[in-house]
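J.: sequence and predicted model, in that order:
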Amino acid sequence: MRGEQKKNMALQIDGALLQSINACRDANKLFELAEYYGKFHWLNTTERWSCPEIENFIFALIAPRLPEFKATGNRKVISHVISEGYDIGGHTPLCVNLMKEQKRLGNDVQLVITRGVTPTVLEDVKASGIPIAAQQSTGVSKLLFLAQTFMQSKAVVLHINPDDIIACLAAMIAERAGIPCYFVNHADIHFSFATSQCSAILEITGASWLASQQFRHPKAQSFLGIPFSTLDGAPQEIRHKDKTQEPYFITVGGPHKYRLGRSPVFTDFVEVLCGELGQKLKMIGPDDYSKFSHLSAKAQNNLELLGTVERTKTLKLMANATAYIDSFPEGGGTSVTNAMHLGLPVFGCKSKAGMYGDDFLSQTPQELFAAIKLFIEHGPDSETLTARARFIKDNFSITACAKRLENTLNGNMETIPYSFDKKAIDLTFYQKKWLETDDFYIPPIIKINMPSSPKA
């Protein structure tokens, strides 16, 4: 199912879920339905970017039954709220590293977990001396826990999953009690709850800023940006070429970003890069060679799938690469910033996102092939790479991003520190691409107006 047929089906499912939410009066079931609604639009990259109507409807239903929440006096702690924390991707380190830097700068911070994080993330936060607030609860119990935790906070910074309606509702309670909440727009191409309920949206790119203005109903916006990652506290020393290795290109991203098995666009690219051009490519994230089994023997021999790789090793592998290939058709964020900071040539094929330096992007695979062939023949533009690395170092260090956050918390909204071509950005690029595929997540059928079953 594709195109208009797929779009119409999405609208029908949207309507069915809205009807179910409207008819439901059991709070726990209502939260589940709203999560399904959020997940449906998030995983499908539909044209729905936000839905304050659902948030306000649910809040109006539950507010009369909630206890009175009052903010405590002398609040100092900044609560960073995460739904789920992982060992891969840029979402978790953005949250954790911001907390660490704020703590280093003298702020009281804590991590609030609404669902769960990996043992590695947990140990990292504990080792940093940052308090953790978490409770094994669901539904109304979780909402009460989060709301009470927020009442003791100077400010709340949401790094939540797009479908986390309970964290959204807790933020609404906090905002009404005079505690400012801020939404980190990390899933910037997707639907998300809470964007219109917070005091400001913290934006990561020019495209996220424009999309929020057009689709997310923000009270205010402030630029946060995507910080580059460091290695052993000495980012300038990361790049030591390993002379024993053959030259290789590298790309980093979750398997879903390459649409493997669902779209031929990236595997076709691998055939050209590794087969026709004979270049080595290391992929961090994907690990299923069967997705590339139709490629030529030469292409397969030059391709290395590394699967999940620990972040420090990822940086080292990137540092020794010839060039970086941004994941596509869905592009990356943190890894692109890291690549530029490392002085790597960067190539990609997607719509411009208003990131700094996104002139590296090609609009078609043919343009991408031509750009890489030119690079192989003539080498990198060292002047451009040096300028990019310097700008990233000055404007996208974790310290620079943390200071922008601090200014925002003090009421001073930050602007984007670079210029970009607004006309070159197609805000609905990914929504159009979704309509071209057969991918379709449909929520499981659940009973309406029945008490929720306890979760394990």
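T.: Right, received. Where do you want to start?

J.: then T114 would be within a strand, right?
T.: Yes - counting by DSSP: H, G, I helix; E, B strand; the rest coil, T114 is found in a strand.

J.: residues contacting I226?
T.: With contact set as CB atoms under 8 Å, 6 or more residues apart in numbering, I226 has these partners: 90, 94, 204-205, 333-334, 337, 355, 396, 401. (Each C-beta comes from the backbone N, C-alpha and C, glycine too.)

J.: so where is this structure shaky, pLDDT-wise?
T.: Low-confidence segments of the chain, defined by pLDDT under 70: 231-244, 445-456.

J.: could you pull out the strands for it?
T.: With strands called from DSSP state E, the chain shows them at 77-85, 108-117, 132-134, 153-159, 181-184, 200-203, 221-223, 249-252, 281-284, 303-307, 323-325, 346-349, 361-362.

J.: can you tell me what sits against the fifth one?
T.: Under the criterion CB under 8 Å, 6+ apart, residues 94-95, 150, 155-159, 171, 174-175, 192, 194-195, 197-202, 204, 222, 224, 405, 408-409 lie in contact with strand 181-184.

J.: before we move on, the earlier item: what would the strands of the chain look like in CSV with mean neighbour count and distance to Q5?
T.: Converted to CSV, those look like this (neighbours: other CB atoms under 10 Å; distance: least, CB to CB, whole Å):
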stretch, mean neighbour count, distance to Q5
strand 77-85, 23, 33
strand 108-117, 20, 34
strand 132-134, 16, 43
strand 153-159, 25, 36
strand 181-184, 26, 34
strand 200-203, 26, 33
strand 221-223, 22, 36
strand 249-252, 26, 33
strand 281-284, 22, 33
strand 303-307, 16, 34
strand 323-325, 24, 33
strand 346-349, 22, 27
strand 361-362, 20, 30
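
J.: okay, those in a markdown table with distance to T314 next?
T.: Shown next, in a markdown table, are the strands of the chain (distance: least, CB to CB, whole Å):
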| stretch | distance to T314 |
| --- | --- |
| strand 77-85 | 17 |
| strand 108-117 | 19 |
| strand 132-134 | 25 |
| strand 153-159 | 20 |
| strand 181-184 | 22 |
| strand 200-203 | 25 |
| strand 221-223 | 26 |
| strand 249-252 | 6 |
| strand 281-284 | 6 |
| strand 303-307 | 9 |
| strand 323-325 | 11 |
| strand 346-349 | 16 |
| strand 361-362 | 22 |
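
J.: of the ones you listed, which is nearest F292?
T.: Nearest to F292 among these is strand 303-307; the distance by CB to CB comes to 6.1 Å.

J.: compare the strands of the chain and report which one is nearest to P380.
T.: Across the strands of the chain, closest to P380 is strand 323-325 (CB to CB), at 7.5 Å.

J.: who does that closest one touch, helix- and strand-wise?
T.: Contacts defined by 3 or more CB pairs under 8 Å, 6 or more residues apart in numbering; DSSP states H and E place strand 323-325 against strand 249-252, helix 334-341, strand 346-349.

J.: okay, now the domains of the chain?
T.: 1-68+76-227+397-456, 235-395 (automatic domain parsing).

J.: hmm, back to that, so which of the helices and strands packed on strand 323-325 comes closest to K6?
T.: Using CB to CB, those put strand 346-349 closest to K6, at 23.1 Å.

J.: on that earlier part again, kindly reformat the helices and strands packed on strand 323-325 as CSV containing distance to K142.
T.: Converted to CSV, these look like this (distance: least, CB to CB, whole Å):
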stretch, distance to K142
strand 249-252, 33
helix 334-341, 29
strand 346-349, 39
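
J.: which of those sits closest to A133?
T.: Using CB to CB, the helices and strands packed on strand 323-325 put helix 334-341 closest to A133, at 25.5 Å.
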